[in-house]
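give me the fold of what follows.
(2 chains)
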2 protein chains.
Amino acid sequence: MGMAKRNPILAGFGRNVRSRREAKDLTQEKLAEMADLDRTFISDVERGGRNLSLLNIQRIAKALGTSISELTYGLGG
Amino acid sequence: MGMAKRNPILAGFGRNVRSRREAKDLTQEKLAEMADLDRTFISDVERGGRNLSLLNIQRIAKALGTSISELTYGLGG
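Below you'll find the model as predicted:
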């Protein structure tokens, strides 16, 4: 865990999260609150700087009203 | 990371991995070798005992010839 080197999988996941969050008109702060995560964690994830765990992916997916599978669609195909 | 309490998301992911591994007629040892992970790690994942990271999910998906999205299908939907 922690900050990871720039990686295309993490970067793509971050873009997916940001895209869905913006589509729902949520701030990073609001998403963080809904997912019970830190705002800086969400920010790091969106920048592709976090190799986050499956359960944290699930928290974010749930808060965004989507599934893990949908939120990871197109990554590392 | 590390061993996690029994969790339906982790348990479901573990079942997905085992199911695909067996469909490909791979042993845990062989999958571990292909994914460059420890055999005990694969064993823990399949038992739902690992809250693994996105990049390790990716390694396993790649070794199984599938995608992250497909390997997480149906989890926590």
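
I'd like the next helix or strand past the longest helix along chain A.
Longest helix in chain A by number of residues (criterion: DSSP state H): helix A:8-23. On the C-terminal side of helix A:8-23, the nearest following helix or strand under DSSP states H and E is helix A:28-35.

wait, does that following helix contact chain B?
No: for helix A:28-35, no contact with chain B is found by Cβ under 8 Å from any Cβ of the partner chain; the gap never falls below 12.7 Å. For every residue, glycine as well, the C-beta is placed using N, CA and C.

quick revisit: okay, the angle between the longest helix of chain A and helix A:28-35?
100 degrees (axes from the mean of the first three to the mean of the last three Cα atoms, to 10 degrees).

buried sites along helix A:8-23?
With burial defined by 16 or more other Cβ atoms under 10 Å in any protein chain shown, the residues of helix A:8-23 counted as buried are A:9-10, A:12-14, A:16-18, A:20-21.

cool, stretch A:36-45 as well?
Within stretch A:36-45, the residues scored as buried using 16+ other Cβ under 10 Å are A:37, A:41-45.

count of neighbours near residue A:34?
For residue A:34, the neighbour count with other Cβ atoms under 10 Å in any protein chain shown is 16.

could you verify my assumption that it touches residue A:65?
No: with the criterion set as Cβ atoms under 8 Å, residue A:34 and residue A:65 do not qualify as a contacting pair; they are 9.7 Å apart.

my guess is residue A:35 contacts residue A:58. True?
No: contact between residue A:35 and residue A:58 fails when scored by Cβ under 8 Å: they sit 9.3 Å apart.
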